[in-house]
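K.L.:
please work out how this folds:
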Amino acid sequence: MNGFVDLHAHTTASDGTESPTQVVSKAQALGLVGVAITDHDTIHGVDEGLRAGTNLGIDVVPGVEISCNWKTHHVHLLGFYINPRDEGLVSLLEWMRQGRLDRLPRMLEKLEELGISVDQQEVESEATGESTGRPHLARVMVRNGVVTSMEEAFDKYLAYGRPAYAERPRPTIIEGIHAIMQAKGVPVLAHPLTVDVSQSELIGELAKENIQGVEYYYPYHQVSGKSESWYAEIPSQLVLIKELARKRDLILTGGSDYHGPVPGKADLGSIQIPAIVLEQLRFRYKQLYGALPSPLLPA
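P.N.:
Below is the predicted model of the structure:
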């Protein structure tokens, strides 16, 4: 397989600004041969994405990105080729969805205490999918002139440790790995360098729990809130990750983490990931579960 793929894209099913059909259509127009729909904590964009892929002749990987805890850190986990109808995975994601909904009033209350009034219904209306999260709140804050950008909304108010942040329930990353594998998916650690931990310790521990890969190709240069020294260490850290993956037989995936045409965020296909990565992902699936389900379409 020749060409390029993008294995990390979000849609309006979570906090992206474009529908699954629009994302897949854009991938096809860009000449990509494959794209993964990996919405935050939901699989509700997968079916539409698969239909669009069939109609447009482009490979669409059904996926998810699960927000997890590892020790005291927030870590994200990608699941590729998941069965979107697996009861265990669906139950876990529903629990997480409810946690997001319960958190929103607490964040709005904290903003109110800071003298910032935001209407809950307006935030909920901003989320066209089932998952209402901080990006939707940030967009409303920008539109209402509270802040000038989503980045400012997070840096000042909504990021972890900021005054309007509120915690929500997350599974441990080990629970996330098990849920993805129960759904016959391939679990991959997302954007590892955004987690301020020892990569040797993190990847080493997760490899023992059947993690199958690490997201290696990623727009790290667009990560906000990091020091100059953090950026300076990226090349050496990527060398380390590649070596850790080689020793533990982990595949290296990648993607743009596309959320739509959002200022300061990478565009779809902007990280050139060779299609052989998709072939490696498929091969790993076959090693784990046998042949890929055929056809990969909604029932």
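
K.L.:
next up, the contacts around residue 285.
P.N.:
Counting by Cβ atoms under 8 Å, 6 or more residues apart in numbering, residue 285 makes contact with 80, 81, 186, 292. Backbone N, C-alpha and C define where each C-beta goes, glycine included.

K.L.:
dump these into a markdown table; add secondary structure, pLDDT and neighbour count as well.
P.N.:
Formatted as a markdown table, these follow (DSSP: H, G, I helix; E, B strand; the rest coil; pLDDT from 0 to 100; neighbours: other Cβ atoms under 10 Å):
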| residue | secondary structure | pLDDT | neighbour count |
| --- | --- | --- | --- |
| 80 | strand | 98 | 26 |
| 81 | coil | 96 | 22 |
| 186 | strand | 98 | 25 |
| 292 | coil | 80 | 12 |
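
K.L.:
tabulate the residues you listed (a markdown table), appending distance to residue 140.
P.N.:
Formatted as a markdown table, the contacts of residue 285 follow (distance: Cβ to Cβ, whole Å):
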| residue | distance to residue 140 |
| --- | --- |
| 80 | 32 |
| 81 | 35 |
| 186 | 36 |
| 292 | 40 |
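
K.L.:
looking at these, which is nearest residue 137?
P.N.:
Comparing these against residue 137 with Cβ to Cβ places residue 80 closest, at 28.9 Å.

K.L.:
excluding covalently adjacent residues, which one is nearest to the closest one?
P.N.:
residue 186 (4.5 Å; Cβ to Cβ, 6 or more residues apart in numbering).

K.L.:
that neighbour: what's it in contact with?
P.N.:
By Cβ under 8 Å, 6+ apart, the contact list for residue 186 reads 79, 80, 81, 180, 212, 213, 281, 284, 285, 288.

K.L.:
please repeat the previous calculation with a cut-off of 6 Å.
P.N.:
80, 81, 212, 284, 285 (Cβ atoms under 6 Å, 6 or more residues apart in numbering).

K.L.:
distance of the last one from residue 169?
P.N.:
According to Cβ to Cβ, to the nearest Å, residue 285 and residue 169 sit 29 Å apart.
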